[in-house]
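# One predicted model, sequence on top.
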Amino acid sequence: MTRTAVVIVSYNSAEVLKDCLGSLPRDLAAVVVADNASRDDSVGVAEAAGCRVVRMGRNAGYAAAINAAVATLDLDAVDAVLVLNPDCRLAPGSLPVLASALDRPGCGIAVPKLVNPDGSLQPSLRRAPTVTRALAQAVLGGTLAGRLGGLGELVTDPAAYERPGPAAWATGAAMLVATPLVRAAGPWEESFLLYSEETEYAMRAADLGWSLWYEPEAVFEHIGGESDTSPMLAALIAVNRVRLFRDRTGPVRGAAYFAAVLLGEAVRALRGQHTARAALVALVRPARRLRKLPGG
């Protein structure tokens, strides 16, 4: 049996955290909640459930909280670490199924099928970012581009979510990471603050020779959706996407990717999407970019 520890980052998450913790199996090696100075009762909920709590003292960001939580674990006593959003709930029996994916040779990360609270599919798998894919998404939109021969970064074809298989990366709401990879990859990159950390981590894992595997028989409910309605978060996503691509490919390809992302946000802004307008401003006016999270 895989010895699994769970790491959860909370930030004003009390409303959803109780159900998340209640959905976890009882035979876990550890459950650690790293709290980013929540103003609600997130810490109280975690303590009432018997979790180990790491108080960050400020809104330090997602990756920093993950790193602080992982640092409290005895990695010799666990086979894998589940990095989990507090707005997730595990379907019964899903975690052992997900853990079995790590038995595949070279598999370092296993991700589940994500569904919305109404049970509908929540697309979560991603292809490697390229200039062509960013341009296709700008022109065609993410949903259509994702269905046309893999033109988009987001995998949107529902049929693709019915079969297990490898992926470049996936939404970071739930990632089961093998302990050998935890050791080899080291800390999560904290400078992104929020969003793109999971992308960078999965790509760094691939650089080290580890694969990411999608297992549809493991089903996690994920509420999510905040980045679709928050201009601040939408801007952070756009800036981080460009930064990560530039860091990995260099200034020339990075400039082309920037132009493609800029075009996409401009098109969406012209259609009246207020989150796209915020992203557009952040891309063209560096002084307006978020330097730290609220409460950080």
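Thanks, I have the structure now.

# Spell out which residues make up each domain of this structure.
4-127+167-224, 228-283 (automatic domain parsing).

# Serialize those domains to a markdown table and add fields for mean neighbour count.
To be clear about C-beta, it is placed using only N, CA and C from the backbone, and glycine gets the same treatment. Converted to a markdown table, those look like this (neighbours: other CB atoms under 10 Å):
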| stretch | mean neighbour count |
| --- | --- |
| domain 4-127+167-224 | 19 |
| domain 228-283 | 18 |
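
# mind checking how far residue 23 is from residue 253?
Distance of residue 23 to residue 253, given as CB to CB, to the nearest Å: 42 Å.

# the helices in this protein, which residues?
Secondary structure of the chain (DSSP state H): helices located at 14-22, 42-48, 62-70, 94-100, 131-140, 142-147, 179-185, 197-207, 226-229, 231-249, 251-270, 274-284.

# Comparing the domains of the chain by mean pLDDT, which bottoms out?
When these are compared on mean pLDDT, domain 228-283 scores lowest, with a mean of 88.

# Can you tell me the strand partners of the longest strand belonging to the chain and which way each runs?
For the chain, the strand with the greatest residue count under DSSP state E is strand 211-222. Sheet pairing of strand 211-222 (DSSP bridges) gives strand 88-90 (antiparallel), strand 107-115 (parallel), strand 165-166 (antiparallel).

# right, and these - which one's nearest residue 271?
strand 107-115 (26.4 Å; CB to CB).

# Now do the closest one and helix 197-207, the angle between them.
In terms of direction (axes from the mean of the first three to the mean of the last three CA atoms, to 10 degrees), strand 107-115 departs from helix 197-207 by 140 degrees.

# For strand 107-115, list the C-alpha coordinates in PDB.
C-alpha atoms of strand 107-115 as PDB (Å, rounded to 0.1, in the frame of the first residue of the first chain):
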ATOM      1  CA  CYS A 107       6.000   8.100 -13.500                       C
ATOM      2  CA  GLY A 108       6.600  10.900 -11.100                       C
ATOM      3  CA  ILE A 109       3.300  12.700 -11.100                       C
ATOM      4  CA  ALA A 110      -0.300  11.200 -11.300                       C
ATOM      5  CA  VAL A 111      -3.300  13.400 -11.700                       C
ATOM      6  CA  PRO A 112      -7.000  12.500 -11.500                       C
ATOM      7  CA  LYS A 113     -10.100  13.300 -13.500                       C
ATOM      8  CA  LEU A 114     -11.500  16.600 -12.300                       C
ATOM      9  CA  VAL A 115     -15.300  17.200 -12.300                       C
END
